[in-house]
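1. Pasting the sequence and the predicted coordinates here, then a few questions.
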Amino acid sequence: MNTNKDFLKHINNIYTTLNQNESVISQLREKNMNSVNKYGLPTHRKGNEEWKYSNLNRMTDLNYSENKSTETNLKNINNIINMDDFEVINIINGQLFENKINNQNIKIKNLSSTTLTINDTNKFNSTLDGENEEIAQLNTALCEDPILIEIDNKNSVSKLIVNIININISNDYIINSPKLFIEIHEDAEFELIENHVGEKSSLYTSNSMIEILVNKNSKLSHYRFLEDNDESIHLNTTRIKLMENAHVESNAFSKGTKLSRYDLKIITASENSYSELNGLYFTSKKQHLDNYINIDHIAPHCTSRINYKGILNDESHAIFGGTVLVREGAIKTDSLQSDKNLVLSPKAEIDSKPSLYIFVDDILAGHGATAGNIDENTVYYMQSRGLSLELASKMLISGFAMEIIDKVQNQTLFDSLLENYVNKLPSYTFDF
Amino acid sequence: MNNDKNVISRDTKLEDDNYKWGFDFQFNADNAPIGLSEDIVKLISSKKNEPEWLLDWRLKSLNHFFKNQDNEPEWANIDFPKIDFQKIRYYSSPTDKPNPKSLDEVDPEMLEAFTKLGIPLEEQKKLSGVAVDAIMDSVSVATTYQKQLEDAGVIFCPISEAVHKYPELVQKYMGSVVPYSDNFYATLNSAVFTDGSFIYVPPGVRCPVELMTYFRINELDTGQFERTLIIADKGSYVSYLEGCTAPFRKNNQLHAAVVELVALDDAEIKYSTLQNWFPGDTNGEGGVYNFVTKRGKCQGKNSKISWTQVETGSAITWKYPSVLLQGDNSVGEFYSVALVNNYQQADTGTKMIHIGKNTKSTIIAKGISAGKATNTYRGQVKVLPTAKNARNFTQCDSLLIGDKCGAHTIPYIEVKNPTAQLEHEATTSKVSDDQLFYTQQRGISLEDANYMIINGFCKGIFKELPFEFAIEASQLLRVSLEGTVG
Amino acid sequence: MSKNIIEIKNLHASVEDTKIIKGLNLKINVGEKHTIMGPNGSGKSTLANVLAGNPSYTVDSGEIIFMGQDLDEMEPDIRACIGLFLAFQYPVELPGVRMWQFLKSSLDAKREYNGQEPLSTREFDNLLNEYAEKVGISQDFIKRNVNEGFSGGEKKRNEILQLSLLNPKLAILDETDSGLDIDALKVVSQGIDSFSSNENSVLLVTHYQRILNYIQPDFVHVMMDGNIVTSGDKSLALELEEKGYDWLSTK
């Protein structure tokens, strides 16, 4: 068994190997490595409300190897999305591997191709300071190949799949730190499909970070698929900054892994933005999944909606945490936050903590959370129409999931979800 | 129409003299030296002529406190300078005769003082249908209605007296709900607690009157550490009220009480609090730090514990009246109105821990924030694997008055049993301009309209209070809201 | 011909240890329409739910023979498949479950149980459209989630739509008329009327005589305190309307 200290020593070694050469990113890595060494990793000891229900020991206890394989055979990747309708880039173990983009409106710059400049990164990184960004700092300290994607497509829609792929043939874990900056220029519209996958038997920790700047009058449709394998550790930090009239719809579909945490924060930097964050999580076996979904309302007249749902089976543990913060001055904010959970197994555990922090009076805010099983009366109603217990429960569970899947506007993705998600949801045997 | 007229003011002006309970009574007090030590604990214990086991328990607690004194809880959403526990006086008795045997022995000045507070203790004036135990600083000064209670077999006396008269009950239940090691402030209380109420309701007895304790902190620099223990034996019922005030002081006063309730099979305890400790002045100076551990255990099947609280006082409140739902079919309830104004900070809520089968809990919390105050609702609903068919419904509503205050809602929903059904709802808003305008248009002043709407917002909670308390609560709300609009 | 469709013999049933039905007997033949009336709390709805197999209710003793089979311990879905239908007093909302999906699955389940092929999508759509139009349910409703956001009247129409579609042997209507305005009441009554034939039977549970202006029952039973206290023809209902239930309890 390894300790937190061993883990920190290991990442310092990786950092030293990685950051030998001066580059646009080396100072950024250095600064963040210093922060990691200063603050350490988040602990779940009493008092750390942000990590109350997740213990990073599941990550730090593992044996890590410093050598990453160069294996790039993708045949053992289980892919649930039909890629044909989209532009695609593949990032393997943190490095941009394939860029198949034909669309002129999507511009990619990266470190390896030395097109990335310090100016490009300067407009991001606003969120990495301070004590509560340890995981983001860890990503930045170890990022292999930061990538900038710019969308400039007045009056047309660009659709891009970013496959974040993890492969490892060694018997020890590797740590990958993919990093993306995305800028959507004014009046643009962008569909981003972020697809986290891993080779079936690979052992890895994927700690990715995505920062998105949504400029004035632009729209982002964000789809996130967490399909990393059962043994993986998945950490992701996503920061989306919204400028005037920006519109974001984010749909996250997550399956659990050994330990996964999705840390999303929306920052309403300017007036009149709209954000809708939908999520569906499904955990089984001994998986642990932590959703940490936050909205920081800074500017007035912004609307936000959070709508997450969880289905928990077996001995899994899921968490919904999150904060809607309405700061002084953010008048006329309209915010609703909801988390609903279906607990199907006597050994599953859900911890839901949807918090509201309100510092101004002229707003509307509300939240709701539920946890429970399928209602007995509902099942009886369906049975009285001739449906078997199993079919009734299956319909109710997929009905529960459909509320989120219905929000998906993209037909290809919708179809993929119906085929690969809904049909694989469990049915439930009742003891009533 | 200019809507600005209806805009609710930024800075509230609550004058000091609005706190009408701010009298300072001059008594010949018997004060222990300031500071915390083994000697002080021994002194308190010897003043009360306590048995050996209790002194041992106190010393064990003190030991635990010293060992953990750097672990003061930090997770709450409150901000205050570090308390120097060596600068507090842990014992103050307002008279040379700490335990009066009857009202005749009570200092007439003291009776007058309580009359001034609206709590007459003399037999001819006493509140009808309410037995009162009055506690000034750390000592119980009088208990009314003793005869009726004796006839019913109900024990209602200061805990210091119960230690001598009913040692087996006290020893059996004290610390059984809140162990001395439970949390920082409870540990401190266990070491230095001075007095408080003890209630025992025998099997099958419905307590004939409401029982009430009136708490008051009077002495300067005195911490108040009462300890209340209520035991409702099988099939019994008791309704208990506590009222709390403290005089206007420029310094902060510490109040760290522990309340333990035990309900056996089919028993019901209703516990109501009207808390109006001095909240500090408009600049945020002074006021009581209220760090209280209140917990009830539904130990028996079909038992019920209900907490109702209306709180407008204290500079800082840190308090989570909780229920351990251990018996099958037991019920826990929490109804709360918390109003904060000026620089008050409250981090309060409840915990419902579902352990037994078919246990139910209901939480209705209303928070009102004005001035530069912050109000945090923090509520945990935990369903353990054994709690088959547990049910919870939680509703938290917050009202904000002005744009310098804060209202926060932090639920913790923790479920380990798939047969549980939990529902949490919360809203945050202000009194709408439309509501105020509509009411004003019917000829009601802005201030009255505001009070009327906020009173309506709290009504569901007030109705849970015994009638006389409900009226008092409503008046308290009015006084506390003065100056928040206009 | 007089073949009985359901026979209830000396039925005792309870909810959470409270006895509600106390020794009730009732026989319904093919082609008959029966009405059970009674004051609140008399056990009418309990009877309807016990027949449909609601797991919250316990049969303590007695027998229910439906289509020659003993219903004891039979799952509610099997009862539905062999031809027993209950229109709920409070139809349940099914979030995320589409009407179309729900109705098709129900009909498929019944057909499968009876050894029939499921209908093709087209056949089903045709059938559905036909019935939906009859009860005044628009295409929009078919696309929505079952009962979610439906008004009281819409929910009851939806029950009648399901009745027509599933075409049971015995339709039990549990206070389907309560809370309806006069137009909805007409639609619902017509639905019941057009369903009813000499091949099936209806058991209408109601508190009010009002619906009997539209549906002509062959028998009227009055239930009080868990049992049928008197039976008669339609004139009994009119008498009740006039005199109220108190008249019976003092009789």
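-> That came through, no problem. This is a predicted model, so every value here is computed, not measured.

2. show me the contacts for A:P300.
-> Each residue near A:P300 by CB atoms under 8 Å, 6 or more residues apart in numbering or on different chains is listed here: A:E271, A:G329, A:A330, A:I331, A:K332, A:T333. Backbone N, C-alpha and C define where each C-beta goes, glycine included.

3. what sits up against the lowest-mean-pLDDT helix or strand in chain A?
-> Of all helical and strand segments in chain A, the minimum by mean pLDDT, DSSP states H and E falls on helix A:118-122, at a mean of 78. For helix A:118-122, the external contacting residues (CB under 8 Å, 6+ apart) are A:V24, A:I25, A:L28, A:K109, A:P146, A:L148, A:F181.

4. Now do the contacts for residue 242.
-> As the question left the chain open, I've gone with chain A. Contacts of A:L242 by CB under 8 Å, 6+ apart are A:V214, A:V248, A:I266, A:I267, A:T268, A:A269, A:S270, A:S273, A:S275, A:C302.

5. sorry, should have said chain B
-> Counted by CB under 8 Å, 6+ apart, B:E242 has contacts B:M212, B:T213, B:Y214, B:F215, B:T228, B:Y271, B:S272, B:T273, B:L274, B:Q275.

6. can you tell me if stretch A:343-361 touches chain C.
-> No: Stretch A:343-361 lies apart from chain C when judged by CB under 8 Å from any CB of the partner chain; the minimum separation is 15.5 Å.

7. SS state for C:E133?
-> Taking DSSP: H, G, I helix; E, B strand; the rest coil as the rule, one finds C:E133 in the helix state.

8. Distance-wise, check it relative to chain B.
-> Distance of C:E133 to chain B, computed by CB to the nearest CB, to the nearest Å: 39 Å.

9. Distance-wise, check that residue relative to C:F150.
-> 17 Å (CB to CB, to the nearest Å).

10. Of the two, which one has the most company?
-> Taking other CB atoms under 10 Å in any protein chain shown, C:E133 and C:F150 do not tie; C:F150 has more neighbours (19 against 12).

11. how near is that one to A:N307?
-> From C:F150 to A:N307 the distance is 22 Å (CB to CB).

12. Whether the host helix or strand of C:K22 contacts chain B - can you check?
-> Secondary structure assigned from DSSP states H and E places C:K22 in strand C:18-29. No: Strand C:18-29 stays clear of chain B (CB under 8 Å from any CB), getting no nearer than 15.6 Å.

13. what about the strands in the stretch 101-250 of chain A?
-> A:106-110, A:147-151, A:157-166, A:174-176, A:179-184, A:189-198, A:204-214, A:219-227, A:233-242, A:247-255 (DSSP state E, counting those that start in this stretch).

14. now swap in the stretch 1-150 of chain C and tell me
-> Along the stretch 1-150 of chain C, the stretches classed as strands by DSSP E, counting those that start in this stretch are C:4-15, C:18-29, C:33-37, C:57-66, C:69-70, C:84-87.

15. from those, which stretch is densest packed?
-> A comparison of the strands of the stretch 1-150 of chain C by mean neighbour count, using mean count of other CB atoms under 10 Å in any protein chain shown, puts strand C:84-87 on top with a mean of 27.

16. so what strands line up beside that one?
-> According to DSSP bridges, strand C:84-87 forms sheet pairs with strand C:170-174 (parallel).

17. model confidence over the strand it pairs with, on average?
-> Strand C:170-174 shows a mean pLDDT of 94.

18. Need the CA coordinates for it. CSV is fine.
-> Provided in CSV are the C-alpha atoms of strand C:170-174 (Å, rounded to 0.1, in the frame of the first residue of the first chain):
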residue,chain,number,x,y,z
LEU,C,170,-64.6,-7.0,-16.4
ALA,C,171,-64.2,-3.2,-16.1
ILE,C,172,-64.1,-1.9,-12.6
LEU,C,173,-64.4,1.8,-12.4
ASP,C,174,-63.4,3.3,-9.1
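
19. Now do it: everything it contacts.
-> Here strand C:170-174 has contacts from C:5-6, C:28, C:44-45, C:48-49, C:51-52, C:66, C:83-89, C:159, C:163, C:192, C:195-196, C:200-206, using CB under 8 Å, 6+ apart.

20. Could you identify the buried members of those?
-> For those, a burial check counting by 16 or more other CB atoms under 10 Å in any protein chain shown picks out C:5-6, C:28, C:44-45, C:48-49, C:51-52, C:66, C:83-89, C:159, C:163, C:192, C:195-196, C:200-206.

21. Among those, which ones are in helices?
-> Residues of those located in helices (DSSP state H): C:K44, C:S45, C:A48, C:N49, C:L51, C:A52, C:E159, C:L163, C:I192, C:F195.

22. Show me where the stretch 301-432 of chain A dips below the pLDDT cut-off.
-> A:428-432 (pLDDT under 70).

23. need the helices for it, in chain order.
-> A:376-383, A:389-405, A:411-420 (DSSP state H, counting those that start in this stretch).

24. Touching the strand holding C:K22 from outside, list them.
-> The contact list for strand C:18-29 (CB under 8 Å, 6+ apart) reads C:2-14, C:34, C:43, C:46-47, C:50, C:57, C:60, C:62, C:170, C:201, C:203, C:221, C:223, C:225-228.

25. what lines up beside it in the sheet?
-> Strand C:18-29 is paired, per DSSP bridges, with strand C:4-15 (antiparallel).

26. So what touches the partner strand?
-> C:19-30, C:46-47, C:50-51, C:56-67, C:169-170, C:200-201, C:203.

27. Among the strands of the stretch 101-250 of chain A, which comes closest to B:L446?
-> strand A:233-242 (37.1 Å; CB to CB).

28. quick one: that closest one to strand A:189-198, angle?
-> On the basis of axes from the mean of the first three to the mean of the last three CA atoms, to 10 degrees, strand A:233-242 is oriented at 170 degrees to strand A:189-198.

29. Can you tell me the strand partners of strand A:233-242 and which way each runs?
-> strand A:204-214 (parallel), strand A:259-268 (parallel).

30. what's the offset of the longest one from the middle of its chain?
-> What that stands for is strand A:204-214. Computed by CA atoms, centre = their mean, to the nearest Å, the chain-centroid distance of strand A:204-214 equals 8 Å.

31. and the angle from that strand to strand A:219-227?
-> Using the same axes, to 10 degrees: strand A:204-214 against strand A:219-227 is 170 degrees.
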